[in-house]
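Participant: no letters, just coordinates:
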């Protein structure tokens, strides 16, 4: 008998994929997927595994990409763009929670304070 459900964040609770992030960077800032691919293929994976600090890992890339604002401004932009909450799934989760199921999130997210936000 199922007693608990575990959900991932990116692509599940948040309706956004890495490809969409890359495309959004190109659309909003002219930073192409070809420019961002080296970061997302190596350093970002290390950040997700807890083997690298996101701010330190991305800083050299921001310079290459022509980002002229602060690292915090970039991270604010990035994390704000990831708030495409899957409202239909959240509604289903709330119904299941009322039926007594335990709900958990298990995800690999880069460790940074700016990435903390809550779903009620």
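Facilitator: Cool, got the structure. Because the structure is a prediction, the values reported are computed rather than measured.

Participant: can you list the weak-confidence ranges in this protein?
Facilitator: Low-confidence regions of the chain, defined by pLDDT under 70, span residues 10-11, 107-120.

Participant: mind listing the strands for it?
Facilitator: 4-7, 102-105 (DSSP state E).

Participant: now the ones you listed as JSON lines including mean neighbour count?
Facilitator: (C-beta placed from N, C-alpha, C; glycine too.) Converted to JSON lines, the strands of the chain look like this (neighbours: other CB atoms under 10 Å):
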{"stretch": "strand 4-7", "mean neighbour count": "12"}
{"stretch": "strand 102-105", "mean neighbour count": "11"}
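
Participant: residue 65 and residue 72, how far apart?
Facilitator: Distance of residue 65 to residue 72, given as CB to CB, to the nearest Å: 16 Å.

Participant: neighbour count winner among these two?
Facilitator: It is residue 65, of residue 65 and residue 72, that has more neighbours when counted by other CB atoms under 10 Å, with 18 against 10.

Participant: for that one, what are its contacts?
Facilitator: 29, 31, 35-36 (CB atoms under 8 Å, 6 or more residues apart in numbering).

Participant: swap in 6 Å and give it another go.
Facilitator: Counting by CB atoms under 6 Å, 6 or more residues apart in numbering, residue 65 makes contact with 31, 35.

Participant: residue 63 now?
Facilitator: For residue 63, the contact set (CB under 6 Å, 6+ apart) is empty.

Participant: okay, buried residues for stretch 20-35 please.
Facilitator: For stretch 20-35, the neighbour count (16 or more other CB atoms under 10 Å) marks 21-22, 24-25, 31, 35 as buried.

Participant: no further questions, thank you.
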